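Student: Coordinates for the following, if possible.
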Amino acid sequence: MDRRTVLASLCLALPVAAHAQRARVPTIGYLLVTPVVDPPSGERQAFLDGLRAFGRVPGRNVEIVYASAEGHPEFVDDVARDLVMRKPDVIVASGAIAVLAARRATAEIPVVIMAVGDPVGIGAVQSLSRPERNVTGVSFLSSDLAGKRVQLMADLLPALRRVAVMWDPRNANAQSEVNATFAAIARLGIAEARFPIGAESGMAGVLERIGAQRPDALYVAFEGGTVMEYRTAIAEFGLRQRLPVVSGWSQLTEAGGLLSYAPDLPAMFRRSAYYVHRILEGTVPRDLPVEQASTVEMVINLRTAKALGIAVPQSLLLRADRIIQ
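Tutor: Reported below is the predicted structural model:
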């Protein structure tokens with residue numbers, strides 16, 4: 001896929017007549033690395049519901065411009081620049097790659113983080129309490145939860161000896177999470193196998209290499225967009241290979257992964273609508289501190305556990321926030 005094809009995915013979610021009303025109707029730019037899907041994902045729907053809670057109805061008194069790199073991170077800077085040229089009043093973005101692309105594309109248009117790990121660490125904001133720049137929103141610290149996920153994996157799989165870790169090194173937060181994951185694995189005396197994925201090593205090839213090495217479990221350290229795009233493929237791979245899949249994304253567990261310990265993403269997307277509303281009312285990003293996710297849930301897919309022949313300890317079942325039967 002070339003740049004022209006990707007940029008063709010920049011689409012306006014408004015009728016032609018709305019262009020004449022541009023001066024009167026505020027516009028939200030919605031930047032994604034992954035494709036725009038319909039019906040909307042649970043996260044995007046939560047954002048739209050959040051807007052409606054503030055009386056902002058897309059197509060009526062606010063318009064949304066969707067801009068996607070169609071799953072190709074190498075094009076996201078071009079897509080972000082094209083989006084900025086359309087002069088939206090505010091841009092929303094999820095994931096480190098999209099957020100940083102938006103920040104590089106503009107220093108004037110406010111950018112709202114919908115869900116990103118450690119925005120200070122990746123340089124999106126100077127601090128959580130005083131963002132200082134044109135970026136603010138809702139975040140979580142996935143790297144802080146990595147050790148807990150590894151421990152839960154060990155509790156669930158007492159025969160665990162070797163863990164495959166898959167991540168996208170182009171994503172600053174995924175790299176931060178995976179570093180914490182390696183440290184946690186080392187503390188437990190478990191062997192690791194590293195499987196970075198990037199432009200030269202596609203998902204199918206990485207999964208094939210993981211299958212050939214026969215690890216005892218797979219830890220997925222992607223950010224949400226990549227997980228959402230490949231969640232079915234990863235989950236089905238785990239079931240075929242009889243390989244337990246653990247991650248920080250409940251969507252992957254819902255698709256057939258074994259366990260996740262993750263922030264409530266729909267709640268974060270819904271909360272980001274509050275930031276958009278405040279900015280459209282005139283508040284500048286530097287006066288809106290970055291919020292961190294307050295709800296973390298452990299999800300266990302009991303159906304997957306049974307398919308893999310894994311007996312989930314009663315102690316873990318009692319601690320789970322949600323069990324998929």
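
Student: From now on I want contacts and neighbour counts done on CA atoms only, so please keep to that.
Tutor: OK.

Student: Now do the same contact list for the residue nearest to A183 when sequence neighbours are not counted.
Tutor: In space, and not counting its chain neighbours, A183 is closest to G147: 8.0 Å by C-alpha to C-alpha, 6 or more residues apart in numbering. Contacts for G147 were tallied using C-alpha atoms under 8 Å, 6 or more residues apart in numbering; they are A180, T181, A183, A184, I185.

Student: State the mean pLDDT of the one helix or strand G147 maps to.
Tutor: Secondary structure assigned from DSSP states H and E places G147 in helix 142-156. Helix 142-156 shows an average pLDDT of 89 in the prediction.

Student: Check stretch 184-193 too.
Tutor: 95.

Student: again with stretch 43-52
Tutor: Stretch 43-52 comes out at a mean pLDDT of 96.

Student: In that stretch, which of the residues would be classed as buried?
Tutor: For stretch 43-52, the neighbour count (16 or more other C-alpha atoms under 10 Å) marks E43, R44, A46, F47, L48, D49, G50, L51 as buried.

Student: neighbours around the closest residue to the last one other than its chain neighbours, how many?
Tutor: This means L51. Of all residues not flanking L51 in the chain, A273 sits nearest, at 5.3 Å (C-alpha to C-alpha, 6+ apart). Neighbourhood size, A273 [other C-alpha atoms under 10 Å]: 26.

Student: can you map out the helices along the stretch 101-250 of the chain?
Tutor: Assigned by DSSP state H, counting those that start in this stretch, the stretch 101-250 of the chain shows helices spanning 142-156, 172-187, 203-213, 224-241, 250-255.

Student: which element follows the last one toward the C-terminus?
Tutor: Once helix 250-255 ends, the next helix or strand along the chain (criterion: DSSP H and E) is strand 259-263.

Student: Give me the contact list for that following strand.
Tutor: Contacting residues not belonging to strand 259-263 are listed as 140, 142, 145, 148-149, 153, 245-250, 252-253, 293-301 [C-alpha under 8 Å, 6+ apart].

Student: just the buried members of those residues?
Tutor: Buried, going by 16+ other C-alpha under 10 Å: 140, 142, 145, 149, 153, 245-250, 252-253, 293, 296-301, out of the contacts of strand 259-263.

Student: so what's V84 up against?
Tutor: So V84 contacts A105, T106, I109 (C-alpha under 8 Å, 6+ apart).

Student: Okay, and it sits in which element?
Tutor: helix 76-85.

Student: Could you pull out the buried residues of that helix?
Tutor: Quick answer for helix 76-85 (16+ other C-alpha under 10 Å): V76, D77, D78, V79, A80, L83, V84.

Student: which one among those residues gets closest to I210?
Tutor: Of all the buried residues of helix 76-85, V76 has the smallest distance to I210: 28.1 Å, by C-alpha to C-alpha.
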